[in-house]
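>>> Starting from these lines, generate the structure:
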Amino acid sequence: MTSARQAMKFRQFLSFEWDAIAGIVAAVAAIILHLLHIADEYIILPIVLALLGLLFINFMRHTRNNELTAEQVEQMTHMVRKIQATLKHPEVILVGPRNLRHANEQFVRHMSGETIWFNVCLSMYKPQPLFDVLLRPAVDNPMVSSIQFVLDISQKELWEKIVYPKIATCPGYAKVREPRWCRLSKTTSFILADSQLSGGTEALLSFWGEPFMAQSVERDVPRFIFHVQKNSELLPHLVELERAGLHAPQDD
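Predicted coordinates for the structure are as follows:
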């Protein structure tokens, strides 16, 4: 341990700018000798020239070190860019219970254009706080031009008595179209919309039943969702599901 400390002190000792220190000492000595009238200007002049030479050499050495450092930084930057170019962003991100509300809020806040809400569980919008967090931001979002629900006929009463009256109190209620009522046998549920953040189409995908949705007497609440990123190969399949819902049996 002692030898390691001694070695560290020795390295620190060697790292000192000894040429600068020597120049300062020589300058101080020359000034003292001149003030004591021991050395005249003919002796001081060579000392001054020597100090200027030392300063120039020291400047050149630091300039070269700075150039080498800049080259190394540029090489590292180039390597980082190459690594980033080879990395492939995930097409689907699993969002768990801890980040579920935040992910939904972010998605709804930044969606735009025409949006599709396919086979979503309307019971999660029954409590006013959840409605205000999960659905109202989409209704009031000025960047959203339309909201189209594609729902199973079994949720029609819930829509008419609870959900739509809440929507009707929102300033942007007119953009919410009449739901397309179908008989959906699929357990898939998703929200499809353009994202202002990514500049492409994204989706929040979930599934009815455990373990993706927590079931209770009052309502079913998503527990896990998949954030489908833009350019994912899964997106065309979701679009096909929505189109299949368009041709599914409907009730008046």
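>>> make it CA atoms for all contacts and neighbour counts henceforth
Noted.
>>> Beta-bridge partners for Ser189, please?
Ser206 (DSSP bridges).
>>> give me the number of residues near it?
Neighbour count for Ser189, taken as other Cα atoms under 10 Å: 22.
>>> next one: the one 4 residues further on
Close neighbours of Ala193, defined as other Cα under 10 Å, add up to 23.
>>> same thing with the one 3 residues further on?
By the criterion of other Cα under 10 Å, Gln196 has 15 neighbours.
>>> what's the closest non-adjacent residue to it?
His110 (5.4 Å; Cα to Cα, 6 or more residues apart in numbering).
>>> The one you found: how many residues sit nearby?
Neighbours of His110 (other Cα under 10 Å): 18.
>>> dump the residue contacts of it.
Ser195, Gln196, Leu197 (Cα atoms under 8 Å, 6 or more residues apart in numbering).
>>> repeat for Gly113
So Gly113 contacts Met143, Val144, Ser145, Ser146, Ala193, Asp194 (Cα under 8 Å, 6+ apart).
>>> What does Ser185 show for phi and psi?
Main-chain torsions, Ser185, degrees, to the nearest 10: phi -90, psi -10.
>>> Neighbours of it, how many?
Ser185 - counted by other Cα under 10 Å - has 10 other residues nearby.
>>> if I look at it, how far off is Phe207?
12 Å (Cα to Cα, to the nearest Å).
>>> Check Trp117 too.
13 Å.
>>> returning to that earlier point: for the residue nearest to Gln196, report the pLDDT, please.
pLDDT for His110: 90.
>>> now swap in Ile162 and tell me
94.
>>> correct me, but it touches Pro127?
No: using Cα atoms under 8 Å as the test, Ile162 is too far from Pro127 to be in contact (9.6 Å).
>>> So for these two, which residue has more residues nearby?
Taking neighbours as other Cα under 10 Å, Ile162 and Pro127 compare with Ile162 leading, 15 against 12.
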